[in-house]
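# Predicted model and sequence follow; I will ask about them next.
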Amino acid sequence: MDHFSTNRLSAERLNESHLADLVALHQDSEVSRYLGGVRTPDVTKTYIATNMAHWDQHGFGLWTLRTKYGAFAVRHILVDDIDEIEIFYAFKREFWGQGFATEIAAAMTDIGLLQLALPSLIGIVNVGNGASRRVLERSDYLLERSANSRGEDVVIYRKRR
């Protein structure tokens with residue numbers, strides 16, 4: 001599934017043409033504070049290549065919105081040496097607080113659990129990121145546990161099929 005739509009958003013599979021938009025997203029310190037910090041354009045270019053390879057290997061991965069709101073993914077991630085599938089989302093600041101994250105989280109959850117028939121999905125959220133925690137809770141993800149990821153305190157939410 002290379003693209004999908006919600007009521008207000010239309011997403012497409014990540015490709016090289018999204019570099020400028022993703023660089024802008026990654027260089028915003030407020031957006032990036034819960035994503036591992038600000039990234040250079042070269043790091044973002046490598047990030048795109050890695051995520052495009054994920055698509056080739058697994059048939060799903062990072063989407064970007066054609067309307068340039070943000071970036072979204074259903075992707076593999078290792079958590080305590082266990083291969084998990086995570087939903088991930090980030091938005092430019094001007095689109096915060098408008099319900100887009102909740103809308104896209106619901107769509108990605110349906111894609112992962114219903115269309116891809118995955119047994120479960122997780123969301124990994126920095127402990128201090130109350131907005132993202134509320135998004136997952138509104139999407140019926142249950143708080144599973146606390147953890148440490150890349151030196152940051154996080155919580156892991158899970159939703160099962």
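Now that the structure is in, tell me what you want to look at.
# so the residue nearest to the spatial centre of the chain is in which element?
Nearest to the mean C-alpha position of the chain, by Cα atoms, centre = their mean, lies Phe88 at 1.5 Å. Assessed by DSSP states H and E, Phe88 sits inside strand 82-91.
# now do Ala147
Here Ala147 is assigned to strand 142-149, by DSSP H and E.
# What is that strand packed up against?
The contact analysis (3 or more Cβ pairs under 8 Å, 6 or more residues apart in numbering; DSSP states H and E) places strand 142-149 against strand 120-126, strand 152-160. Any C-beta I mention is one placed from the backbone N, CA and C, and that applies to glycine too.
# Can you show me the CA trace of the shortest one as PDB?
These are the backbone C-alpha positions of strand 120-126, laid out as PDB (Å, rounded to 0.1, in the frame of the first residue of the first chain):
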ATOM      1  CA  SER A 120       0.000  -5.900  17.500                       C
ATOM      2  CA  LEU A 121       1.500  -2.500  17.200                       C
ATOM      3  CA  ILE A 122       3.400  -0.400  19.700                       C
ATOM      4  CA  GLY A 123       3.900   3.300  20.200                       C
ATOM      5  CA  ILE A 124       7.100   4.500  21.900                       C
ATOM      6  CA  VAL A 125       6.700   8.000  23.500                       C
ATOM      7  CA  ASN A 126       9.000  10.200  25.500                       C
END
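# For that strand, what does the pLDDT average out to?
Strand 120-126 shows a mean pLDDT of 95.
# circling back to that earlier point, using neighbour counts, pick out the buried residues of the strand holding Phe88.
Across strand 82-91, burial judged by 16 or more other Cβ atoms under 10 Å covers 84-91.
# In this protein, where is pLDDT below threshold?
Low-confidence segments of the chain (pLDDT under 70): 66-74.
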